[in-house]
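Novice: structural data only, the sequence is not supplied:
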């Protein structure tokens, strides 16, 4: 049928088959009586994305159903950096893209969810600077978003950028695991050399998420040197918001989060500049650190030896 114009019925049939994600173009060539190349060309013209490749791969569909330390940690990171797009009428694709320097973390996640698909290596072009960098991406297809636990436990839903919800996990230990993951993606831990100050900053296009983070941190009752509490603020040059804590409270939060039994991202949590900065502050002002992390954990009924299965 080369060179023969496409009928409206053929176009609708192509849409219907491609949307299921259950047919390769080779299989469709027999069903629709068109060549594989013509099907791919027409699909591109129509803006269709055949996700059949995901049909070949499997993963642990129950991974996020029962919250524990590790899946709460990964969910926090996904809430910040992951995306969920349409696969077909009932299922979705979870896509996680990160800089190639964090490849080992993506491999850890892939192993945890028992995904047997590939990690792809791609070139990423920044929409702001135009700079090109090496990235890795993992696409996990055919996710039933309603039953996966991603929405019910962690508030992660399709098109979440501006409507990301707070997680529904109640255990403080798991909330802190989620927070570590979120910091990995959309957080910053910084030591200001000039002011000798530790700052932990969170950004999001969802005020709901930042309010949850703010409430969680404030309820911990961390020691601080001033009574001033920062509010969530709009970032002037971007369509997003930020919340931060600094000084003594930031140090206590950092050291509390370091107790959570999850596989931390070394470049953020074991950054020599930050660690040396905290040591420098402690050496200069030992009188500030009269409360121990153990006592903060006891005051909040936090026990990281608790098991969640």
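Specialist: Received, thanks. Keep in mind that this is a model prediction, so the values were computed, not measured.

Novice: ranges for the helices of the stretch 151-300 of the chain?
Specialist: Ranges of helices in the stretch 151-300 of the chain, per DSSP state H, counting those that start in this stretch, are 172-186, 207-219, 247-257, 266-269, 272-284, 293-299.

Novice: the fifth one vs helix 247-257, what angle?
Specialist: Okay, so that is helix 272-284. Angle, helix 272-284 to helix 247-257, by axes from the mean of the first three to the mean of the last three C-alpha atoms, to 10 degrees: 120 degrees.

Novice: let me see the mean pLDDT of helix 272-284.
Specialist: Helix 272-284 shows a mean pLDDT of 97.

Novice: please apply the same query to the last one.
Specialist: Summarised as a single mean, pLDDT over helix 293-299 is 97.

Novice: which residues touch that helix?
Specialist: Here helix 293-299 makes contact (C-beta atoms under 8 Å, 6 or more residues apart in numbering) with 220-222, 252, 255-256, 259, 302-304. C-beta coordinates here come from the backbone N, C-alpha and C atoms, glycine included.

Novice: if you rank the residues you listed by neighbours, which is first?
Specialist: Neighbour counts for the contacts of helix 293-299 peak at residue 252, which has 23 neighbours (criterion: other C-beta atoms under 10 Å).

Novice: quick one: which of the helices of the stretch 151-300 of the chain is nearest residue 34?
Specialist: Comparing these by their distance to residue 34 (C-beta to C-beta), the top pick is helix 172-186, with 42.5 Å.

Novice: what angle separates the closest one from helix 207-219?
Specialist: 130 degrees.

Novice: the chain should start at 637 in everything you say after this.
Specialist: From this message on, residue numbering opens at 637, which makes the last subject helix 808-822.

Novice: mind giving me the packing neighbours of helix 808-822?
Specialist: The helices and strands touching helix 808-822, judged by 3 or more C-beta pairs under 8 Å, 6 or more residues apart in numbering; DSSP states H and E, are helix 705-717, strand 833-840, helix 843-855, helix 883-893, helix 902-905.

Novice: returning to that earlier point: and the helices of the stretch 787-936 of the chain: which comes nearest residue 836?
Specialist: Checking these against residue 836 by C-beta to C-beta gives helix 883-893 as the closest, at 4.8 Å.

Novice: and the closest one, what's its mean pLDDT?
Specialist: On average, helix 883-893 scores 97.

Novice: what does that helix contact?
Specialist: Helix 883-893 is touched from outside by 812, 815-816, 819, 825, 833-836, 853, 856, 858-862, 881, 905, 910, 914, 917-918, 924, 927, 929, 932-933, with contacts defined as C-beta under 8 Å, 6+ apart.

Novice: one more time with 7 Å
Specialist: Applying C-beta atoms under 7 Å, 6 or more residues apart in numbering, the contact partners of helix 883-893 are 812, 815-816, 825, 833-836, 853, 858-861, 881, 914, 917, 924, 929, 932.
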